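# quick one, what's the 3D model for this:
(one chain, ligands or ions: 1)
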Amino acid sequence: MATTHHTRMLIIGSGPAGLSAAIYGARAGMQPIVVQGLQPGGQLTITTDVENYPGFRDVIQGPWLMEEMQAQAEHVGTRMMWDIISGLDLSSRPFRLTGDSGDVFEAETLVIATGAQARWLGLDSEQALQGKGVSACATCDGFFYRGKKVVVIGGGNTAVEEALYLTNHSPDVTLIHRRDSLRAERILQERLFAHPNITVLWNKEVDRFVGSGTPEVLTGLDLRDTVTGDISHIATDGAFVAIGHKPATEVFVGHLPMDDDGYLIVEKGSTKTAVPGVFAAGDVTDKIYRQAVTAAGMGCMAALDAEKFLAEADFASKASAAA
Ligand code: NDP
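Here you go, the predicted model:
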């Protein structure tokens, strides 16, 4: 039977941003509810080794980290619920959100931490070799390719930044782009073209990621020339797909302002959206850093912003009742 849940703080999304908001919100007595969504734990649950989350001297596993974060959030008083938010009314407080289950969430404040997904090329061979040489995050996985040959696929800011970043580890980086010009900012292009360890392959798209061995690991890519159709092969140890991300914001269209790429817009230096009492944290509003630790930091900021908002709202309503 459909139920109505009331909370001072509803958090949508259970990645590092959502769970950090929950830990801070719970400890501030806001009795948060986290609605977990389609991928409980977020992008880290599809990552294997994590070496850049502070606090762990040894490599840890992404899914384990998220289990620990969830347990910590629950331990301090967060209620975890599984649902998909499919309807919302942000026109007045408490905000009213509806889940696919039919349940209604009435929330004094809302923290949106629904994250983003890397875009993939969609090839079967890409999926088969994910985590075995194929990655969508150079900052996360580049370190594992020290001294090895790597390629980056894409022509935007992310692809160029990832190629430049990878030169910290790899002496041989190839950027593969499907056209003959990049869409990345000029300054980044200049740095890319000037770098002695980076080669650019123009007019090429991936036909197949090629692996070998047991267990199978990536050994190269078959490339198709987008002008001539010719197929060629490039040997590589690592391939970074950098063709953009998609923030999970469809349900907020028409309710909250977004930029041209669909990221929620927040006030500079805070997590406030255009609707008072609604906050956004993590990859859903961040197209630049996109790290677990930055998402966690923004989750903390969102909880502090929400707490301050509620304290001010409570004070204002008491003052008007007394008047
Ligand atoms: P973009 O959408 O800007 O670029 C995606 C790139 O991938 C394009 O070059 C595109 O090619 C290519 N691509 C898309 N689909 C395919 C495909 N199926 N096969 C091969 N190539 C493909 O994404 P980014 O992640 O680079 O950037 C997203 C936004 O974030 C942008 O607004 C960017 O400016 C911003 N950003 C800003 C940063 C900063 O300020 N430091 C850092 C990173 C991102 P084509 O060019 O042919 O369309």
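# who's residue 240 bridged to?
Beta-bridge partners for residue 240, by DSSP bridges, are residue 135, residue 152.
# contacts only, for it.
Residue 240 sits next to 135, 136, 137, 138, 141, 142, 150, 151, 152, 153, 162, 166 when contact means CB atoms under 8 Å, 6 or more residues apart in numbering. The way it works is simple: take the backbone N, C-alpha and C, and place the C-beta from them, glycine included.
# give me the contacts around stretch 39-52.
13-18, 56, 59-63, 65-67, 69-70, 82, 115-118, 130-131, 139-141, 143-144, 283, 291-293.
# helices along the chain, start to end?
Per DSSP state H, the chain carries helices over the ranges 16-27, 62-75, 124-128, 138-141, 157-166, 186-194, 292-322.
# between the ones you listed, which one is closest to residue 221.
Nearest of the helices of the chain to residue 221, taken as CB to CB: helix 124-128 at 9.0 Å.
# off-centre distance for the closest one?
Its chain's average C-alpha position is 21 Å from that of helix 124-128, according to CA atoms, centre = their mean, to the nearest Å.
# quick one: neighbours of the residue in the stretch 1-150 of the chain that the ligand sits nearest to, just the number.
As assessed by CB to the nearest ligand atom, the ligand sits closest to residue 121 within the stretch 1-150 of the chain, at 5.2 Å. Residue 121: 16 surrounding residues under other CB atoms under 10 Å.
# I figured it hits residue 243, correct?
Yes. Under the contact definition of CB atoms under 8 Å, residue 121 touches residue 243, with a separation of 6.9 Å.
# end to end on stretch 169-187, go ahead and measure it.
Stretch 169-187 has an end-to-end distance of 22 Å (CA to CA, to the nearest Å).
# if you could redo that for stretch 105-121, that was the one I meant.
Note: stretch 105-121 ends 36 Å apart using CA to CA.
# ok so, going back, intersection of neighbour lists for residue 121 and residue 243?
Here residue 121 and residue 243 share the contacting residues residue 153, scored by CB under 8 Å, 6+ apart.
# burial measure for the residue in the stretch 51-200 of the chain positioned nearest to the ligand, as a count.
Closest residue of the stretch 51-200 of the chain to the ligand, CB to the nearest ligand atom: residue 156 (2.4 Å). Close neighbours of residue 156, defined as other CB under 10 Å, add up to 17.
# next one: residue 262
Residue 262: 17 neighbours (other CB under 10 Å).
# what's the nearest residue to the residue of the stretch 51-200 of the chain closest to the ligand if we skip its chain neighbours?
Of all residues not flanking residue 156 in the chain, residue 183 sits nearest, at 5.1 Å (CB to CB, 6 or more residues apart in numbering).
# now swap in residue 205 and tell me
Nearest residue to residue 205 in three dimensions, chain neighbours excluded: residue 178, at 4.6 Å (CB to CB, 6+ apart).
# and if you look at residue 125?
Per CB to CB, 6+ apart, closest to residue 125 is residue 209, 4.1 Å.
# ok, that neighbour touching residue 134?
Yes. If you go by CB under 8 Å, residue 209 and residue 134 touch, sitting 5.7 Å apart.
# list the residues that contact both of these two?
Overlap of the contact sets of residue 209 and residue 134 (by CB under 8 Å, 6+ apart) consists of 126, 218, 239.
# could I get the residues you listed as a markdown table with neighbour count, distance to residue 309 and pLDDT?
Formatted as a markdown table, the shared contacts of residue 209 and residue 134 follow (neighbours: other CB atoms under 10 Å; distance: CB to CB, whole Å; pLDDT from 0 to 100):
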| residue | neighbour count | distance to residue 309 | pLDDT |
| --- | --- | --- | --- |
| 126 | 20 | 43 | 97 |
| 218 | 26 | 48 | 98 |
| 239 | 27 | 44 | 98 |
